[in-house]
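Colleague: Just need the structure, nothing else, for what follows:
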Amino acid sequence: MAIKILELHHHAVRTGGSLEQADRTMAFYSDVLGLGADPGRPQITGIPGYWVDVGGRAQVHLMGVEGDSRFAKGPGQDPAMPHVAFAVEDIVAARSELDRMGTTYWVAEGIVGPESQQVFMHDPAGNMIELHQADTCRCQAVTRLDN
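Modeller: Predicted coordinates:
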């Protein structure tokens, strides 16, 4: 049985390795595309950037990283690489299903909060995919405690 994806949460892109490059990219998303930054994005050591709100239902994560981030677990296993993120109802059940299907993945924990758990894998074309528990991120405006 396939994993049940509930929704698209974010698409992560790189802006280059400095806050200035992230600022210029954010200015484009704001000035040209009319999108605003989520003011509650946590500070992620070594990854300056912005989480850009898109209609209150998803985000684009702008990451000021060049090369491997400090969170990389090996070649092709860097959560700061461009990726698309989906929410699942139960991350533990999703991991069990990936194990049952023999799908290769790795886990990043504690990057965006002490209890965060993100599961990463690559599709056959090499694109990185993230899965995380629904209602545990800021991607949707309705799940934010500060709204």
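Colleague: in the longest helix along the chain, what's buried?
Modeller: Counting by DSSP state H, the longest helix found in the chain is helix 19-31. Going by neighbour count (16 or more other Cβ atoms under 10 Å), the buried part of helix 19-31 is Gln21, Ala22, Thr25, Met26, Tyr29. From N, CA and C alone the C-beta is placed, and that goes for glycine too.
Colleague: Next: stretch 5-13.
Modeller: His9, His10, His11, Ala12, Val13.
Colleague: low-scoring pLDDT stretches of this protein, where are they?
Modeller: 110-115, 140-147 (pLDDT under 70).
Colleague: about what we covered before: tell me the first helix or strand C-terminal of the longest helix of the chain.
Modeller: Scanning forward in sequence from helix 19-31 by DSSP states H and E, the next helix or strand is strand 49-54.
Colleague: Please enumerate the strands of the protein.
Modeller: Remark: strands assigned in the chain by DSSP state E are 5-14, 49-54, 58-63, 83-88, 106-109, 117-122, 128-133.
Colleague: which residues does the closest residue to Thr25 other than its chain neighbours contact?
Modeller: Using Cβ to Cβ, 6 or more residues apart in numbering and skipping residues adjacent in sequence, the residue nearest Thr25 is Thr15, 4.1 Å away. Residues in contact with Thr15 (Cβ atoms under 8 Å, 6 or more residues apart in numbering) are Gln21, Ala22, Arg24, Thr25, Gly49, Leu62, Met63, Gly64.
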